[in-house]
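Chemist: predicted structure and sequence below. I'll ask about it afterward.
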Amino acid sequence: MIDLDAVLLIFVNGVLTKSKESYTFEGGSTFTFAEAPDLKIRLIFSSTKVKRCVDVEIIDVQESVKIGDQLRLLKNDTIGFTTTQSRNRSVKEILSADLVETDIYNDVGIDQ
């Protein structure tokens, strides 16, 4: 018998959720979330193929950027036409694993 919790992946706004903590799934097409998701949400459901004798390790990554942190965008020399921004920007919201919203920036360093 296949444990569906082991092969089903649910991402909420780009972040992998934890089965039996963030949601429960007992089969069929119904999921019960432990906490109601926000109205503006992006869900991705995925499943993996199960192979015998293959171990999977899930690592809990420490959050490196938090709301209120200060970020500065720097020039990327491999692109060639970017510039470094002249001041820090405050993180207002973490939208997904690789996307944040910051305060409005209108100083030097905006190319496009």
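Modeler: Okay, I see it. Numbers count the residues shown, from 1 in each chain.
Chemist: drop to CA atoms for contacts and neighbour counts, all remaining ones
Modeler: Will do.
Chemist: quick check: D103 vs R87, distance?
Modeler: Taking Cα to Cα, to the nearest Å as the measure, D103 falls 11 Å from R87.
Chemist: V15: what's it in contact with?
Modeler: S96, A97 (Cα atoms under 8 Å, 6 or more residues apart in numbering).
Chemist: ranges for the strands of this protein?
Modeler: 8-12, 15-16, 23-25, 31-33, 43-47, 70-71, 89-96, 99-102 (DSSP state E).
Chemist: lowest average pLDDT across these?
Modeler: Lowest mean pLDDT within the strands of the chain: strand 43-47, at a mean of 67.
Chemist: neighbour-wise, which of D103 and R87 wins?
Modeler: R87 (14 against 11; other Cα atoms under 10 Å).
Chemist: mind listing what that one touches?
Modeler: Taking Cα under 8 Å, 6+ apart as the test, what R87 contacts is R72, D107.
Chemist: now it: how far from S29?
Modeler: In this structure, R87 and S29 are 48 Å apart, going by Cα to Cα.
Chemist: give me the number of residues near D98?
Modeler: Neighbours of D98 using other Cα under 10 Å come to 9.
Chemist: sorry, back to before: want to throw the strands of the chain into JSON lines with distance to I79?
Modeler: Shown next, in JSON lines, are the strands of the chain (distance: least, Cα to Cα, whole Å):
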{"stretch": "strand 8-12", "distance to I79": "31"}
{"stretch": "strand 15-16", "distance to I79": "29"}
{"stretch": "strand 23-25", "distance to I79": "42"}
{"stretch": "strand 31-33", "distance to I79": "42"}
{"stretch": "strand 43-47", "distance to I79": "31"}
{"stretch": "strand 70-71", "distance to I79": "20"}
{"stretch": "strand 89-96", "distance to I79": "22"}
{"stretch": "strand 99-102", "distance to I79": "20"}
